[in-house]
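# generate coordinates for the sequence data below:
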Amino acid sequence: MSLARQWGLEGVRPLFAKEVLRFWKVSFQTVAAPVLTSVLYLLIFGHVLEDRVQVFEGVGYTRFLIPGLVMMSLLQNAFANSSSSLIQSKITGNLVFVLLTPLSHRAWFAAYVGAALVRGVAVGLGVLVATAWFAFPSLAQPLWALVFAMLGGVLLGTLGLIAGLWAEKFDQLAAFQNFIILPMTFLSGVFYSVHSLPGAWYAVSHLNPFFYLIDGFRCGFFGASDASPWLSLAVVSTATLGVSLLALHLLKSGYKIRS
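Reported below is the predicted structural model:
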């Protein structure tokens, strides 16, 4: 018996390829547009704060900002990919064609989250390349950057999967993104160091798992961070495992996709 069959992962490849092709066919909208948005953020915030803010010694604000923008773009687009795919399939009725296949819940999970990770990484790399002309930050500890990029894509891809299963219309999905995902990403230290916050907000920031993603990813570039990268790894790994188990349970039970 093959390993794929043993783990219930047969059929992952065609569904994964379908999901990747879905966003890549409109890559100008799904990849290029988020890259342009991040470059605009860099131009505005970098121009205004470059000479006024220094977080790490010897690191200018523009260099400090780039890893945060890369990770923020990765997270937001990983979430958008899996959530938009599911809600569109549910509303248009195309989901029935996937339901007719003998795919297991593990295969669904691997395909949707895997495609979300691919889109997130593609956008993140695009942002990194586009912003390198302004100030390319050296990779002091590239392994940390890679680990947190992968975990971030999986975590947000899984959250997008859960949101897509829960939402029954685009308004509900937009509310999930606007009131949960966007605030958590913007308030995770993308544009600032949490050490600059007052005591109460400093404590609240450490309750946000996205903070540990941004901080751990930034550690890979500069070898410095606001929190220990090992603590960040523990928090992010626990959060990723928790939402993954929840998503697998929802898929197995057919939550809002099977009558």
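
# tell me which residues of stretch 146-164 are tucked away?
Residues of stretch 146-164 classed as buried: 147-149, 151-164 (neighbour count, 16 or more other CB atoms under 10 Å). C-betas here are computed from N, CA, C, even on glycine.

# dump it to CSV, keeping only the CA atoms.
This file holds the C-alpha atoms of stretch 146-164, laid out as CSV (Å, rounded to 0.1, in the frame of the first residue of the first chain):
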residue,chain,number,x,y,z
LEU,A,146,12.0,29.9,5.9
VAL,A,147,10.4,28.1,8.9
PHE,A,148,8.2,31.1,9.8
ALA,A,149,7.2,31.7,6.2
MET,A,150,6.1,28.1,5.8
LEU,A,151,4.3,28.0,9.1
GLY,A,152,2.6,31.4,8.4
GLY,A,153,1.3,30.2,5.0
VAL,A,154,0.0,27.0,6.5
LEU,A,155,-1.6,28.8,9.5
LEU,A,156,-3.4,31.4,7.3
GLY,A,157,-4.3,28.9,4.6
THR,A,158,-6.0,26.8,7.3
LEU,A,159,-7.8,29.8,8.8
GLY,A,160,-9.0,30.6,5.3
LEU,A,161,-10.2,27.1,4.9
ILE,A,162,-12.2,27.3,8.1
ALA,A,163,-13.6,30.8,7.1
GLY,A,164,-14.6,29.4,3.7
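
# from the middle of its chain, how far away would that stretch be?
Distance of stretch 146-164 from the chain centroid (CA atoms, centre = their mean, to the nearest Å) equals 5 Å.

# give the rounded mean pLDDT of stretch 213-225.
Averaging pLDDT along stretch 213-225 gives 92.

# list the buried residues in it.
213-222, 224-225.

# in helices only, show me the residues you listed.
By the criterion of DSSP state H, membership of those in helices covers 213-222.

# element containing residue 149, please.
Mapping residue 149 onto the secondary structure by DSSP states H and E places it in helix 142-166.

# dump the next helix or strand after that helix to CSV, restricted to CA.
Next in sequence after helix 142-166, counting helices and strands by DSSP H and E, comes helix 170-176. The C-alpha coordinates for helix 170-176 follow below in CSV (Å, rounded to 0.1, in the frame of the first residue of the first chain):
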residue,chain,number,x,y,z
PHE,A,170,-19.3,36.9,0.6
ASP,A,171,-20.5,39.4,3.3
GLN,A,172,-19.7,36.9,6.1
LEU,A,173,-16.3,36.1,4.6
ALA,A,174,-15.5,39.8,4.3
ALA,A,175,-16.5,40.3,7.9
PHE,A,176,-14.1,37.5,9.0
